[in-house]
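>>> next come a sequence and a model predicted from it.
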Amino acid sequence: MSKTVRPYKDSDLGKKAQVTKMFDTISGNYDGLNRVISLGIDIKWRNRVVKLISAANPTSILDIATGTGDLAIAMVKTGAKKIVGLDISTGMLEVGKVKIADKNLSKTIEMVVGDSENLPFEDNTFDAITVAFGVRNFENLDKGLAEIYRVLQPSGTFAVLETSVPAKTPFKQGYKIYTKYMLPLIGKIFSKDQSAYTYLSESAAVFPYGQEFNNILSKIGFIAIEHKPQTFGVATIYVATK
């Protein structure tokens with residue numbers, strides 16, 4: 001079971017409200033910081049998710065915790081006719097809408113404010129659903145995954161890209177040093193909000209990954225579950241079927 005990490009430990013708000021506030025605050029700097037923090041490798045990881053989803057030939061895709069829409073925009077390469085990006089942070093969505101408009105993709109991608117644990121869609125709506133660096137922010141992980149299962153079409157594909165902890169030396173030690181000390185420092189320098197990036201590193205460290213996350217997906221009802229470690233295990237792509 002994953003531990004709860006509060007984005008702002010001095011706040012009386014619940015995790016969901018805190019996460020919303022945090023991402024609204026850092027939305028303007030989020031894309032640039034992502035590239036700095038991951039050394040640009042996150043783009044390669046997203047492209048691998050796109051390739052996996054493309055193999056299913058989806059016509060409709062839901063990208064949950066879409067943020068500023070990086071993965072939703074990349075999903076255009078799948079040929080899907082309709083892509084919906086959903087996020088609880090209006091600040092992140094506003095940045096994403098500008099990016100989508102600049103790329104003339106507004107007819108294909110729709111950005112929607114919504115809660116991953118109470119999705120505003122009918123059962124069996126989407127051919128594929130994706131989440132990139134978002135499931136660890138769910139307030140109730142099981143409830144969020146159950147909602148994803150509900151709105152996914154039978155035989156539909158679910159893909160998750162999430163941080164994980166390397167298992168082998170010296171990558172494990174290097175990862176811990178980087179996420180504990182360097183990541184919050186980078187966040188403080190570039191966004192003036194060290195608390196947000198301290199939360200992101202702490203939440204990544206305690207979130208279930210690998211076989212543990214596979215077991216949670218299986219409990220929800222997903223089948224054909226695979227996990228694919230990326231870049232020495234600092235991130236993992238999970239693929240499952242309804």
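Looks like it arrived, so ask away. Numbering: from 1, shown residues only.
>>> how about the helices in this protein?
15-26, 30-38, 41-54, 70-74, 90-102, 141-151, 171-177, 183-191, 194-206, 211-220 (DSSP state H).
>>> nearest to residue 121, out of these?
helix 141-151 (4.6 Å; C-beta to C-beta). In short, each C-beta sits where N, CA and C put it, glycine included.
>>> tell me the mean pLDDT over the closest one?
For helix 141-151, mean pLDDT rounds to 97.
>>> counting contacts, what elements does that helix pack onto?
strand 60-64, strand 126-132, helix 211-220 (3 or more C-beta pairs under 8 Å, 6 or more residues apart in numbering; DSSP states H and E).
>>> list the strands paired with the shortest one, with their directions.
Each strand that pairs with strand 60-64, with its direction, by DSSP bridges: strand 82-87 (parallel), strand 126-132 (parallel).
>>> picking that back up, mind putting the helices of the chain into JSON lines with distance to residue 108 and mean neighbour count?
Compiled in JSON lines, the helices of the chain are given as follows (distance: least, C-beta to C-beta, whole Å; neighbours: other C-beta atoms under 10 Å):
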{"stretch": "helix 15-26", "distance to residue 108": "24", "mean neighbour count": "20"}
{"stretch": "helix 30-38", "distance to residue 108": "20", "mean neighbour count": "16"}
{"stretch": "helix 41-54", "distance to residue 108": "14", "mean neighbour count": "17"}
{"stretch": "helix 70-74", "distance to residue 108": "9", "mean neighbour count": "24"}
{"stretch": "helix 90-102", "distance to residue 108": "8", "mean neighbour count": "18"}
{"stretch": "helix 141-151", "distance to residue 108": "19", "mean neighbour count": "19"}
{"stretch": "helix 171-177", "distance to residue 108": "36", "mean neighbour count": "14"}
{"stretch": "helix 183-191", "distance to residue 108": "30", "mean neighbour count": "17"}
{"stretch": "helix 194-206", "distance to residue 108": "29", "mean neighbour count": "20"}
{"stretch": "helix 211-220", "distance to residue 108": "28", "mean neighbour count": "16"}
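>>> CSV for those helices, including distance to residue 235?
Putting the helices of the chain into CSV (distance: least, C-beta to C-beta, whole Å) gives the following:
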stretch, distance to residue 235
helix 15-26, 19
helix 30-38, 8
helix 41-54, 6
helix 70-74, 13
helix 90-102, 20
helix 141-151, 18
helix 171-177, 10
helix 183-191, 14
helix 194-206, 9
helix 211-220, 12
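>>> quick one: closest of those helices to residue 80.
In terms of C-beta to C-beta, the element of the helices of the chain nearest to residue 80 is helix 41-54, at 8.3 Å.
>>> which residues touch the closest one?
34-35, 61, 70-71, 74-75, 77-79, 128, 130, 132-133, 157, 159, 161, 228, 230-231, 235, 237, 239 (C-beta atoms under 8 Å, 6 or more residues apart in numbering).
>>> chain center to it: distance?
12 Å (C-alpha atoms, centre = their mean, to the nearest Å).
>>> what sits up against the longest strand seen in the chain?
Longest strand of the chain, by residue count under DSSP state E: strand 152-163. Strand 152-163 has contacts (C-beta under 8 Å, 6+ apart) with 45-46, 49, 52-53, 56, 58, 71, 124-136, 148-149, 204, 207, 209, 213, 217, 222, 234-242.
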